[in-house]
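>>> Got a sequence here, can you build the structure:
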Amino acid sequence: MGQKTNPIGFRLAVNSDWRSKWYADKKEFGELLVEDYKIRKALKDKLKDAAVPRIQIERATSRCRITIFSARPGVVIGRKGAEIDRIKEELSKLTGKEVYVEIAEVKTPELDAQLVAENICMQLERRIAFRRAIKRSMQVTMDMGALGIRLRVAGRLNGADIARAENAREGAVPLHTLRANIQYGFAEASTTYGIIGVKCWICRKDPAEEEEQRKERRPRPPRRGPARS
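Take a look at the predicted model:
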């Protein structure tokens, strides 16, 4: 009873993919694993305002390709690409390898579980009531076409003396169904009363179906009538 598993790891090789793609011998594995952690931590700290939900790392011999997924790619690139060049230099010094950095845009940040969790944490740090933050996030996510969303907030909520956990759910979130497109995100809010943890599960439609709906939502250009003489 009560055994939990990470929804992303549970669906690996079914409809989820690894976020680190490389192979190493037993001697090098530990060092490269720690290096991956350092790369992700350095980038998350540096790109706090860029809405970065995940970072993908690929390795081949002495080269390292890093793909940064961001809802605000302009912040990552910087003016005339100055910021991304600085990131490359810092990562090359950190790893001692040749580093290539690519940027992928997150087109619907409202449907990304990690970004939703981070957004709630940002609201909690601004002293917004947790129930209001949860309700607002759930409404926006469902309006964007999600099949379901589940949120769990734990800690000294609203400055209470005793820590507790609150759950909220809307729509369908079938965590046991492997073919379900479940996204999971976790973030921590540093408040004056202590750390509050936020977990988010979002059940999305198939990527092809989402793309069709996104195209339908695009505003069509107004038709021009015949020119009057």
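>>> so where do the helices sit in this structure?
Remark: helices assigned in the chain by DSSP state H are 7-10, 26-46, 73-77, 82-95, 113-125, 130-143, 207-217.
>>> who wins for proximity to A104 among these?
Nearest to A104 among the helices of the chain is helix 73-77 (8.0 Å), distances taken as C-beta to C-beta. Placement of C-beta: from N, CA and C, glycine included.
>>> Can you tell me how far the spatially most central residue of the chain is from H176?
What sits nearest the mean C-alpha location of the chain, by C-alpha atoms, centre = their mean, is P53, with 2.5 Å. P53 sits at a distance of 24 Å from H176 (criterion: C-beta to C-beta, to the nearest Å).
>>> number of nearby residues for the residue nearest to A50 when sequence neighbours are not counted?
Leaving aside its sequence neighbours, A50 sits nearest to V75 (C-beta to C-beta, 6 or more residues apart in numbering; 4.1 Å). Neighbours of V75 under the rule other C-beta atoms under 10 Å: 15.
>>> circling back to that earlier point, tell me which of the helices of the chain lies nearest to T61.
The closest of those to T61 is helix 26-46. By C-beta to C-beta, the value is 11.7 Å.
>>> what's the closest one packed up against?
Contact partners of helix 26-46 among helices and strands, from 3 or more C-beta pairs under 8 Å, 6 or more residues apart in numbering; DSSP states H and E: strand 54-60, strand 63-70, helix 82-95.
>>> returning to what we had before: in contact with the residue nearest to the centre of the chain, which residues are there?
69, 71, 106, 109, 112-115, 118, 185 (C-beta atoms under 8 Å, 6 or more residues apart in numbering).
>>> now E110: how far from R179?
For E110 relative to R179 (C-beta to C-beta), the value is 23 Å.
>>> Between these two, which is the more surrounded one?
Each of E110 and R179 has its neighbours counted (other C-beta under 10 Å); E110 has more, 18 against 10.
>>> Go ahead and confirm that one touches T141.
Yes: using C-beta atoms under 8 Å, E110 is in contact with T141, at 5.5 Å.
>>> Count the neighbours of V106 for me.
Residues contacting V106 under the criterion other C-beta under 10 Å number 19.
>>> what about this protein, any weak spots by pLDDT?
Within the chain, the ranges that satisfy pLDDT under 70 run 1-2, 207-211, 213-215, 217-229.
>>> how about the helices and strands packed on helix 26-46 in TSV, adding distance to L43 and mean neighbour count?
Shown next, in TSV, are those (distance: least, C-beta to C-beta, whole Å; neighbours: other C-beta atoms under 10 Å):
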stretch	distance to L43	mean neighbour count
strand 54-60	6	17
strand 63-70	7	19
helix 82-95	7	14
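>>> between the ones you listed, which one is nearest to K44?
Smallest distance to K44 across these (C-beta to C-beta): 7.6 Å, for strand 54-60.
>>> counting contacts, what elements does that closest one pack onto?
Strand 54-60 packs on strand 20-21, helix 26-46, strand 63-70, going by 3+ C-beta pairs under 8 Å, 6+ apart.
>>> what's the angle from the last one to strand 54-60?
For strand 63-70 and strand 54-60, the angle between their directions (axes from the mean of the first three to the mean of the last three C-alpha atoms, to 10 degrees) works out to 170 degrees.
>>> same deal with the second one?
With the same axes, to 10 degrees as the basis, helix 26-46 and strand 54-60 are set at 140 degrees to each other.
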